[in-house]
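> fold the stuff below for me.
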Amino acid sequence: MRKIYLLLLFACLLLFGAGKLLAQPMTLYFLKGIPQTQDLNPARPGLEKGFYISLPLLSKLDFSLNTNNWSYNDLIHKGTGIMADSLVWDFKKYLSALDKNNFVMEAAALTLMEFGWKKKSTYFGFSWSEREFAEPFFTKSLANILYYGNVPYLGSTYQSGYFGVGAQHYREFAFTYSRDLDEKLTFGLTGKLLFGMGAISTSGMNIIAGMPIDGNQINLGATGKTYVSAPVNLHVYNSQGIHLLSQNYFDASSYFSNFGNPGFSADLGFTNKINKRLTLSVSLIDLGFIRWKTDLSAFTENGHFVYRGINLNSVSKTTDVHGLLTALKDSLTAAFLPDSTASSFTTMLPVKLYAAVEYKIGDDFSLGGVGRIRMYNNLLHAALTASANARLSDAISLSASYSMVESTYDNLGLAASVRFGNFQFYAVTDNVVSFFQPSNARNLNLRVGFNLFFPEEGQPKGVYNGKETRSHRSHSH
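A predicted model of the protein is given here:
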């Protein structure tokens, strides 16, 4: 009886059967004196009066990468003993770190233009950003069969559970309005016009395999559908129906000027000052969709074939490994034909729900707590952050935080903003340690940005965001 390994099979299924294929730092929420707090709650624009504009073409840059509870170091790390000077693959350790359902979430955004102004109780703002995110997701059951092979499942039917990927690149034009309804309650709303550049979305991807007791073959079936909107050509080029994706007509100017995939999303927020010290707030961010209509391809996976495996024990220097892999690829691609009736499809954005409380200790110090639930791919991802926030001087504000993100509890964050006259630089992360130990990081994010402030005519120089600064207060006494 042969032990059949499925690592190459799974890789080929993803590459040839399915086609080739955003989270803000929560420490930002209570950072004092920057307008970008409106990104987490449009009722918190961070500007009391006057006008600001972010540095054109580099207004702000966001990057985030997180998993549910595993890191690069779980899979690849330094060996021990005679392997102490080498990197080793440790798939067994990686399996022990996985949950039942797993994901990798990567997101990045570049804001090219942003400005806003507040007059009395009303605030208006605008921004133009390029955004992208990708989230592959998979089950532990799928990872188990890659490592242990089919032996544990002999005489039974194996099911991988749902796996796949969601990825989008889109342009966002955001229009923000907020208003102080009275001394306690503030309302904020952001409407966002979206234009999709490219996307891939999977639905119902699942592998089902019958495992005969003798273990000499696998009766493999796969179901699901993959939708693609991207400037690629789909070719079916032989009698077996083998298909190939190629990018032979990609044109950068056409890609970035594509306005054929429209969408819309909205942010909604409220803040309520319970008393002079306690403030509650809640917001719903990125509730929206994109309708993809251009450069469409679709792949239906509803095929079946018998896989008799690759006997790794018989592989030698004279073995035609390339021929074995080619035969496997041809079998896969023949079984899972592309659907030539591709039509428009809709994707949702990862929606975030924030709830926060802030307690002021004095004019310049506060303690805050904020919880976030992110919803995407029918999964909920939770995070909780506690922070201490201070305005150390007229020019410097700091926030220090501790976060629990998914199943990780080692996230120490830091945020800082520094002003030089009208110019402001700020940086925020929820996990400072991750930049020093990236191979162990499960949650990594960073935001940096630049602002220019223009106070209202007649506004005293000693007023910082509409409030008396320390120097102004001391001079007034």
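> against Thr139, how distant is the nearest residue to Leu142 once chain neighbours are set aside?
If the residues on either side of it in the chain are set aside, Leu142 comes closest to Ser160, at 4.4 Å by Cβ to Cβ, 6 or more residues apart in numbering. All C-beta atoms are positioned from the backbone trio N, CA, C, and that covers glycine. Distance of Ser160 to Thr139, given as Cβ to Cβ, to the nearest Å: 6 Å.
> helix or strand: which one has Ser96?
Here Ser96 sits within helix 91-97, counting by DSSP states H and E.
> for that helix, packing partners?
Packing partners of helix 91-97 (3 or more Cβ pairs under 8 Å, 6 or more residues apart in numbering; DSSP states H and E): helix 72-75, helix 140-148.
> can you tell me the strand partners of the helix or strand following it and which way each runs?
Counting by DSSP H and E, the next helix or strand C-terminal to helix 91-97 is strand 101-119. Here strand 101-119 is paired, per DSSP bridges, with strand 50-54 (antiparallel), strand 60-67 (antiparallel), strand 122-139 (antiparallel).
> what mean pLDDT does the first one get?
The predicted model gives strand 50-54 an average pLDDT of 95.
> again, but for stretch 175-186
For stretch 175-186, mean pLDDT is 96.
> contacts for it?
Identification of contacts with stretch 175-186 by Cβ atoms under 8 Å, 6 or more residues apart in numbering yields 38, 42-45, 116, 121-127, 187-192, 267, 269-274.
> which of those residues count as buried?
Taking 16 or more other Cβ atoms under 10 Å as the criterion, what is buried in the contacts of stretch 175-186 is 38, 42-45, 116, 123-125, 127, 188, 190, 192, 267, 269-271, 273.
> related to what we said a few turns ago, next up, phi/psi of the residue nearest to Leu142, please.
phi -70, psi -30 (degrees, to the nearest 10).
> which pLDDT does the model give it?
Looking at Ser160, its pLDDT reads 90.
> would you mind measuring from it to Lys92?
For Ser160, the distance to Lys92 - Cβ to Cβ - is 19 Å.
> higher neighbour count, those two?
Taking other Cβ atoms under 10 Å, Ser160 and Lys92 do not tie; Ser160 has more neighbours (19 against 10).
> I'd say that one and Ile207 touch.
Yes: shown here, Ser160 and Ile207 form a contact pair, counting by Cβ atoms under 8 Å, at 4.0 Å.
> if we can go back for a sec, compare the strands paired with strand 101-119 and say which comes out lowest on pLDDT.
strand 60-67 (a mean of 92).
> between Ser160 and Ile207, what contacts are shared?
Contacts common to Ser160 and Ile207, judged by Cβ under 8 Å, 6+ apart, are Leu142.
> give me the nearest residue to Leu353, chain neighbours excluded.
In space, and not counting its chain neighbours, Leu353 is closest to Ile373: 4.7 Å by Cβ to Cβ, 6+ apart.
> is that neighbour in contact with Lys352, as I believe?
Yes: using Cβ under 8 Å, Ile373 makes contact with Lys352 at a distance of 7.1 Å.
> how distant is the longest strand along the chain from the center of its chain?
For the chain, the strand with the greatest residue count under DSSP state E is strand 185-210. The chain centre lies 11 Å from the centre of strand 185-210; the measure is Cα atoms, centre = their mean, to the nearest Å.
> quick check: angle from it to helix 140-148?
Angle, strand 185-210 to helix 140-148, by axes from the mean of the first three to the mean of the last three Cα atoms, to 10 degrees: 40 degrees.
> can you list the weak-confidence ranges in the stretch 351-477 of the chain?
457-477 (pLDDT under 70).
> what comes into contact with stretch 358-373?
26, 29-30, 40, 276-279, 281, 352-357, 380-392, 467, 470.
> repeat that with 7 Å
If you take Cβ atoms under 7 Å, 6 or more residues apart in numbering as the criterion, stretch 358-373 is touched by 26, 29-30, 277-279, 352-357, 380, 382-391.
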